[in-house]
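# here are the coordinates; sequence isn't available:
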């Protein structure tokens with residue numbers, strides 16, 4: 001397959017896709033106090049209708065064109081739920097599809113999430129300005145009966161009870177910060193009882209590990225919630241909130257695209273230096289990016305070291321130190337940055 005051109009019958013073309021992405025000026029640039037409360041209360045929030053129906057169709061057609069490339073988790077070492085537990089399902093494994101940002105024009109809708117005007121206020125409110133993509137995004141698919149995923153994560157790890165700084169949720173002086181933020185782009189409807197993403201609301205602030213059996217859904221199931229979502233919604237959740245997935249019960253295939261984001265100086269993954277030169281994401285990921293989207297692919301470093309921050313109008317502005325200090329460091333270290 002030649003990934004430089006679209007594979008989609010309904011693909012409106014590069015110009016058409018870009019026109020369907022909302023203008024930053026049409027939305028608030030700040031995360032509201034109501035949304036901060038809901039996120040702080042539950043550890044996750046649902047932003048409804050981020051993608052248009054046309055964008056949902058384009059995204060799903062791009063996935064369908066590559067359905068044969070999905071990798072099903074069949075080996076026991078790859079299974080995400082213990083056999084015989086409520087989260088295991090009836091046997092089929094979850095299917096994963098990677099390289100989502102390397103599909104040429106077919107990637108444009110997926111890339112729009114990086115700096116989507118509906119989402120930037122949440123990314124700034126939960127991660128801070130200069131936020132960055134931390135993991136390679138990928139598609140998760142479940143057919144009927146497919147296994148879910150045992151509960152995992154937690155600021156205090158739900159299985160070990162140990163503090164987990166790589167996933168931690170914090171609140172200090174009116175600022176929420178997530179060391180790692182999950183971002184689930186929903187591409188099929190998840191009705192009550194459908195299965196898919198599940199969460200233990202409020203667990204991002206729990207101080208104890210989970211009771212035995214709860215991570216497998218065998219105990220205290222009334223505290224494990226499967227939110228109802230529609231195609232085009234986005235679920236943002238702190239990785240410090242204990243979460244997992246229920247087995248899929250619908251006749252149609254469940255599909256989401258999962259991203260993870262971090263504050264400017266926080267890092268968990270390491271694919272941001274995995275290209276041929278050993279620095280930067282895979283090269284094809286940089287095609288068809290706006291300046292704002294490209295800024296989200298920067299590696300981790302402090303904002304004041306010339307990091308571009310997304311502005312209210314959707315443009316970017318570099319955050320820099322005093323020129324005298326920069327010149328001093330260059331003279332002393334022989335490099336532009338310390």
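Yes, it's here. Because the structure is a prediction, the values reported are computed rather than measured.

# for this structure, which strand is longest?
With secondary structure taken from DSSP state E, the chain has its longest strand at strand 254-262.

# who does it pair up with?
Partners of strand 254-262 in the sheet, by DSSP bridges, are strand 132-133 (antiparallel), strand 138-142 (antiparallel), strand 181-186 (antiparallel).

# Run through who's touching the first one.
Right, the one you point to is strand 132-133. Identification of contacts with strand 132-133 by C-beta atoms under 8 Å, 6 or more residues apart in numbering yields 114, 259-264, 296-300. Yep, even glycine has a C-beta here, placed from its N, CA and C like the rest.

# Run the chain-centre distance for that strand.
Mean C-alpha position of strand 132-133 versus that of the full chain (C-alpha atoms, centre = their mean, to the nearest Å) differs by 9 Å.

# now do stretch 91-100
On C-alpha atoms, centre = their mean, the centre of stretch 91-100 falls 16 Å from that of its chain.

# For it, buried residues please.
The neighbour-count check on stretch 91-100 (16 or more other C-beta atoms under 10 Å) flags 92-97, 99-100 as buried.

# ok, now stretch 229-246?
Buried-residue list, stretch 229-246, by 16+ other C-beta under 10 Å: 229, 231-246.

# Just give the nearest non-adjacent residue to residue 96, would you?
Computed as C-beta to C-beta, 6 or more residues apart in numbering, the closest residue to residue 96 that is not its neighbour in sequence is residue 71, at 5.3 Å.

# actually residue 320, not the one I wrote
Distances taken as C-beta to C-beta, 6+ apart put residue 306 closest to residue 320, at 5.2 Å, once the chain neighbours are dropped.

# Just to be sure, the one you found is in a strand?
Yes - using DSSP: H, G, I helix; E, B strand; the rest coil, the assignment for residue 306 is a strand.

# any idea how far it is from residue 318?
Distance, residue 306 to residue 318, using C-beta to C-beta, to the nearest Å: 5 Å.

# who's more crowded, these two?
residue 306 (15 against 12; other C-beta atoms under 10 Å).

# Which residue ranges of the stretch 151-300 of the chain form strands?
Taking DSSP state E, counting those that start in this stretch to define them, one finds strands in the stretch 151-300 of the chain at 169-172, 175-178, 181-186, 196-199, 234-238, 243-246, 254-262.

# How far does the first one sit from its chain's centre?
In terms of C-alpha atoms, centre = their mean, the centre of strand 169-172 is found 19 Å from the chain centre.

# now the fifth one
On the basis of C-alpha atoms, centre = their mean, the separation between the geometric centre of strand 234-238 and that of its chain is 7 Å.

# State the mean pLDDT of it.
Regarding strand 234-238, the rounded mean pLDDT is 98.

# For the helix or strand containing residue 109, name the packing helices and strands.
Using DSSP states H and E, residue 109 sits in helix 108-111. Other helices and strands packing on helix 108-111, by 3 or more C-beta pairs under 8 Å, 6 or more residues apart in numbering; DSSP states H and E, are helix 14-20, helix 53-64.
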